[in-house]
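> pasting the sequence and the predicted coordinates here, then a few questions.
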Amino acid sequence: MSHGKHFTLYTNTIAPNGWKVVFVLEELGLTYESVYLNFDENEHKSPEFTKLNPNGRIPALVDHKNGDSVIWESDAIILYLADKYDTERRVSVSDEKERYSLIQWLFFQASGQGPYFGQAVWFLRSHPEQVPSAIERYRKEVLRVFSVLDSVLSKQEWLVGDKPTVADISFIPYNHGAFHLIIKDYAGVDVQKDYPAFFAWHQKLISRDSVKRAFAIQESLNKH
């Protein structure tokens, strides 16, 4: 593989965690090459990949300009990119209190949003039998996360400080998927009406040029 690019990103065409990293790479104008692992063929469990990420999950990022160093876990990757390469602080912060607030939201995304949203999609789309109680549980968790974000965003425009940061960006893929896969046909739920600040925030995020570019790449890869 040519290392003409700054980074190699090991990811998947659909899985949301890889795309949040793409959003940040695009936001910072960093050059990268994506290697799309085929989950159906268990490429993410191969010895070649688990040398990079022993957990056997995407994404993993190789920084060729930093001794081919490897970092995995999507929010850790995002924080690494922000700390090391966002020298103008376009989507990160320099104030210590704000930095810990940013890290706090990344932890909430990783522990409070991703797992519950992922389980909701699993039980709706992939589980071999319908388990209504599980579907209901995880749908309610999705709405709970929406409500947490809405309560904060009703008082301020962005999660940290007065500008969009990687904290905001980290929530995009799972929220976007939730609209289309989890709550699309959930009776009685109107996100725009019920969580107006959250909805407006998400619309602003997906209108960013970096996000539009990433979604365009994803769409082209997943055309059938």
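Ah, there it is. Numbering: from 1, shown residues only.
> excluding its backbone neighbours, what's nearest Leu61?
Nearest residue to Leu61 in three dimensions, chain neighbours excluded: Ile77, at 4.9 Å (Cβ to Cβ, 6 or more residues apart in numbering). Placement of C-beta: from N, CA and C, glycine included.
> by mean pLDDT, which helix or strand of the protein comes out lowest?
helix 114-121 (a mean of 91; mean pLDDT, DSSP states H and E).
> how far does that helix sit from the chain's center?
With Cα atoms, centre = their mean, to the nearest Å as the basis, helix 114-121 stands 12 Å off its chain's centre.
> likewise stretch 89-96?
The answer for stretch 89-96 is 19 Å, by Cα atoms, centre = their mean.
> what segments of this structure are helices?
16-27, 47-50, 74-85, 96-108, 114-121, 132-153, 166-170, 172-177, 191-194, 196-206, 209-221 (DSSP state H).
> tell me the most buried of these?
Highest mean neighbour count of the helices of the chain: helix 166-170, a mean of 27 (counted as mean count of other Cβ atoms under 10 Å).
> can you show me the CA trace of it as PDB?
Written as PDB, here are the backbone C-alpha positions of helix 166-170 (Å, rounded to 0.1, in the frame of the first residue of the first chain):
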ATOM      1  CA  VAL A 166     -15.400  17.100  17.800                       C
ATOM      2  CA  ALA A 167     -17.800  16.500  20.800                       C
ATOM      3  CA  ASP A 168     -20.700  17.600  18.600                       C
ATOM      4  CA  ILE A 169     -19.400  15.800  15.500                       C
ATOM      5  CA  SER A 170     -19.000  12.500  17.400                       C
END
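> can you list the residues that contact that helix?
20, 23-24, 27, 74-75, 78-79, 81-82, 91-92, 101-102, 105-106, 109, 158-160, 201, 205, 211 (Cβ atoms under 8 Å, 6 or more residues apart in numbering).
> for it, give the mean pLDDT please.
Averaged across helix 166-170, the pLDDT comes to 98.
> picking that back up, now the helices of the chain as TSV including distance to Ile58?
Output for these, formatted as TSV (distance: least, Cβ to Cβ, whole Å):
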stretch	distance to Ile58
helix 16-27	5
helix 47-50	8
helix 74-85	8
helix 96-108	18
helix 114-121	13
helix 132-153	22
helix 166-170	15
helix 172-177	12
helix 191-194	28
helix 196-206	22
helix 209-221	14
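> among these, which is nearest Gly67?
Closest approach to Gly67 among the helices of the chain (Cβ to Cβ): helix 74-85, 12.5 Å.
> and the residue lying farthest from the centre of the chain, how far from Lys97?
In the chain, the residue that sits farthest from the middle, by Cα atoms, centre = their mean, is Glu129; the gap is 27.8 Å. Here the distance between Glu129 and Lys97 works out to 48 Å (Cβ to Cβ, to the nearest Å).
> I'd like the distance between the closest residue to Pro59 other than its chain neighbours and Phe146.
Of all residues not flanking Pro59 in the chain, Gly18 sits nearest, at 4.2 Å (Cβ to Cβ, 6+ apart). In this view, Gly18 and Phe146 are 23 Å apart by Cβ to Cβ.
> before we move on, what about Lys65?
39 Å.
> the residue nearest to Pro59 reaches Leu25, doesn't it?
No - using Cβ atoms under 8 Å, Gly18 makes no contact with Leu25, being 10.5 Å away.
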